[in-house]
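Q: Kindly return the folded structure for what I paste below:
(chains A and B)
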Amino acid sequence: MLQVNEIRENFERACEGLRKRNIPNPDALLQQVMDMDDKRKQTQVERDSLQAESNALAKQIGQLMKSGKREEAETIKEQTAAIKSQVKALEEQYSSCENSLTQILYSIPNIPHESVPAGKSAEDNEVVLQDGQIPELSPTQKFPHWELIKKYDIVDFELGVKITGAGFPVYKGKGAKLQRALVNFFLDEAEKAGYHEVQPPIMINEESGYATGQLPDKEGQMYMASEDGLYLIPTAEVPITNMYRNEVLAEADLPKKNAGFTPCFRREAGNWGAHVRGLNRLHQFDKVEIVQITHPDKSYPTLEEMSLHVQQLLQKLKLPYRVLRLCGGDMGFTSALTYDMEVFSAGQERWLEVSSVSNFETYQSNRLKLRFKNQDRKTVLAHTLNGSALALPRIVAALLENNQSERGIKMPKVLVPYLGFEWIS
RNA sequence: AGAGGAGUGGCAGAGUGGUCGAUUGCGGCGGUCUUGAAAACCGUUGAACCGCGAGGUUCCGGGGGUUCGAAUCCCUCCUCCUCUGCCA
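A: Residues are numbered from 1 along each chain as shown, chains lettered A, B, ... in the order given. Here you go, the predicted model:
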């Protein structure tokens, strides 16, 4: 969540940023935040001084009791009753101030970076670059992946429906091997780029959900095991970033670079339509995630570095891709700047989002209480970033569609050592 | 899952109702000594919030309670250890 002090210091910039997110009347909203914070401070001052008074009296009583002056102690005791009830009232007022301040801050998204274009929807995203060869498929061999997987019997949706429900496919034979190969390839590449591999839990508690911003914003998007109060992760970002919740790192420890493979679970409530057939949208899918914790001065160069890492994966897989700078209206709640990577899938003739790389600046670390000690020995909030590198299903879709031919589907060279075969046929 | 024990500052470990934010040791930082280092000695050493400052408030696993006053008593949750049971 946003820091009130930052809002104070950069009021105009903050308002402008929220306008980019199409938030109506940001001036009034942020003014309200500052007023609530003022109220909070004022209440704290009142409470603290009264508490100090009460503490002093208690101390006096202690001393009197010690020296045997019972009666004097009793007299002072009587005075404390009034103060005590006042303290209690102020205490309640303070926590109600704090709660409503937190509530309103939870409802305000991150301030977009200067470079974020204004815009309402995905149509206003800015194409930063496009690379790779868009394949020209013959009209007789131009199938969408949901037909190809049936033909080669490598992913079975019906079987998944039987076991679980829609959106939980069963990968079979070479389809299953392709999953395994991609995961290993992505993890190896991440390791080469200096990421430390971790395998985190795929269920998280409520606190973790709040800390990275999935809660309360995306409550309905996560599966929940209500008996135990745990959520299935929508992305490895949540457990991996939460490894650093309530930590104070040394500046020399930065950047922290972690990568992990996990299945991801999304309810995608109300998100289904004709364009989400096959592997385009699932309730469970596999993803390798890269996460960095950086010094605030380094987070934007790091974002570029991460974007480049993802692009290199796509280049190695020989997939045509483009990079989008998301507009204010399409960007995630907690992000300050997001690049989406899309691959062109020739069977559907559509661009498919396969990665999203974001800088959250201090929005997450403020909730996480993730800080580091700087050279002046001050504890300051670190910046957090993450990105998919990569999400599997749409990569699989594009690989199948783009590499199809009469002979079968040719696997990209880099995957062959992982797969042990070259063709799905 | 059942029975018992325990959670205190970076770590170890005192403290069972009143100057306890907390004895002490180790570690860390600064200094004396030294050509330099070690040893020794001296000093210093948690965090958050409010305040220009002086200073104040809060924090002894989390939350709640008793009390004029709680690390210390009570309730509850969490975690760890030991034993028993179960199980990839």
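
Q: how about the residues of the stretch 201-350 of chain A near RNA strand B?
A: By CB under 7 Å from any atom of the strand, the residues of the stretch 201-350 of chain A that approach RNA strand B are A:Val248. Placement of C-beta: from N, CA and C, glycine included.

Q: The residue in the stretch 201-350 of chain A positioned nearest to RNA strand B: what's its closest spatial neighbour, skipping adjacent residues?
A: In the stretch 201-350 of chain A, the residue that lies nearest RNA strand B is A:Val248 (7.0 Å; CB to the nearest atom of the strand). What sits nearest to A:Val248 in space, not counting adjacent residues and going by CB to CB, 6 or more residues apart in numbering, is A:Arg371, at 5.0 Å.

Q: what's around the one you found, how many residues?
A: By the measure other CB atoms under 10 Å, the count of residues near A:Arg371 is 19.

Q: thinking it is in contact with A:Thr384, fair?
A: No: the pair A:Arg371 / A:Thr384 is not scored as a contact, 11.5 Å apart, by CB atoms under 8 Å.

Q: Can you check which residues contact both of the two?
A: Any residue near both A:Arg371 and A:Thr384 by CB atoms under 8 Å, 6 or more residues apart in numbering counts here, and that gives A:Ser365.

Q: what secondary structure does A:Glu289 sit in?
A: Look at A:Glu289: counting by DSSP: H, G, I helix; E, B strand; the rest coil, its state is strand.

Q: Report the beta-bridge partners for it.
A: Per DSSP bridges, the residues bridged to A:Glu289 are A:Gly260, A:Ser388.

Q: quick one: contacts for it?
A: A:Glu289 neighbours (CB under 8 Å, 6+ apart): A:Thr235, A:Ala236, A:Glu237, A:Ile240, A:Ala259, A:Gly260, A:Phe261, A:Thr262, A:Asn386, A:Gly387, A:Ser388, A:Ala389.

Q: distance of it from A:Gln311?
A: As judged by CB to CB, to the nearest Å, A:Glu289 and A:Gln311 stand 16 Å apart.

Q: Might you name the residue of the stretch 251-400 of chain A sitting closest to RNA strand B?
A: Of all residues in the stretch 251-400 of chain A, the one sitting closest to RNA strand B is A:Thr379 (3.7 Å; CB to the nearest atom of the strand).

Q: Check that residue and give its pLDDT.
A: The model reports A:Thr379 with a pLDDT of 86.

Q: Quick one: residues contacting it.
A: A:Val248, A:Arg371, A:Phe372, A:Lys373.

Q: ok, and the most crowded of those?
A: The residue in those with the most neighbours, by other CB under 10 Å, is A:Phe372 (24 neighbours).

Q: Need the phi and psi values for that residue.
A: phi -140, psi 160 (degrees, to the nearest 10).

Q: Likewise for A:Glu71?
A: Backbone geometry at A:Glu71, expressed as degrees, to the nearest 10, gives phi -70, psi -40.

Q: burial count for it?
A: 8.

Q: one step back: identify the bridge partners of the residue of the stretch 251-400 of chain A closest to RNA strand B.
A: Note on A:Thr379: beta-bridge partners by DSSP bridges are A:Lys373.

Q: related to what we said a few turns ago, could you dump the contacts of A:Glu289 into CSV with neighbour count added?
A: Shown next, in CSV, are the contacts of A:Glu289 (neighbours: other CB atoms under 10 Å):
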residue, neighbour count
A:Thr235, 21
A:Ala236, 27
A:Glu237, 29
A:Ile240, 25
A:Ala259, 26
A:Gly260, 23
A:Phe261, 20
A:Thr262, 22
A:Asn386, 27
A:Gly387, 26
A:Ser388, 26
A:Ala389, 27
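
Q: Put together CSV for those, with distance to A:Ala89 and pLDDT on each row.
A: Listed next are the contacts of A:Glu289 as CSV, based on distance: CB to CB, whole Å; pLDDT from 0 to 100:
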residue, distance to A:Ala89, pLDDT
A:Thr235, 44, 96
A:Ala236, 46, 96
A:Glu237, 42, 96
A:Ile240, 43, 95
A:Ala259, 51, 97
A:Gly260, 48, 96
A:Phe261, 53, 97
A:Thr262, 48, 97
A:Asn386, 44, 97
A:Gly387, 49, 97
A:Ser388, 50, 97
A:Ala389, 53, 92
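
Q: name the element the closest residue to RNA strand B within chain A belongs to?
A: Of all residues in chain A, A:Gly62 sits closest to RNA strand B, with a separation of 2.8 Å (CB to the nearest atom of the strand). Here A:Gly62 sits within helix A:26-66, counting by DSSP states H and E.

Q: So which elements touch that helix?
A: Helices and strands touching helix A:26-66, by 3 or more CB pairs under 8 Å, 6 or more residues apart in numbering; DSSP states H and E, are helix A:4-9, helix A:11-20, helix A:70-106.

Q: most packed of those?
A: Comparing the helices and strands packed on helix A:26-66 by mean neighbour count (mean count of other CB atoms under 10 Å), helix A:11-20 ranks first with a mean of 18.
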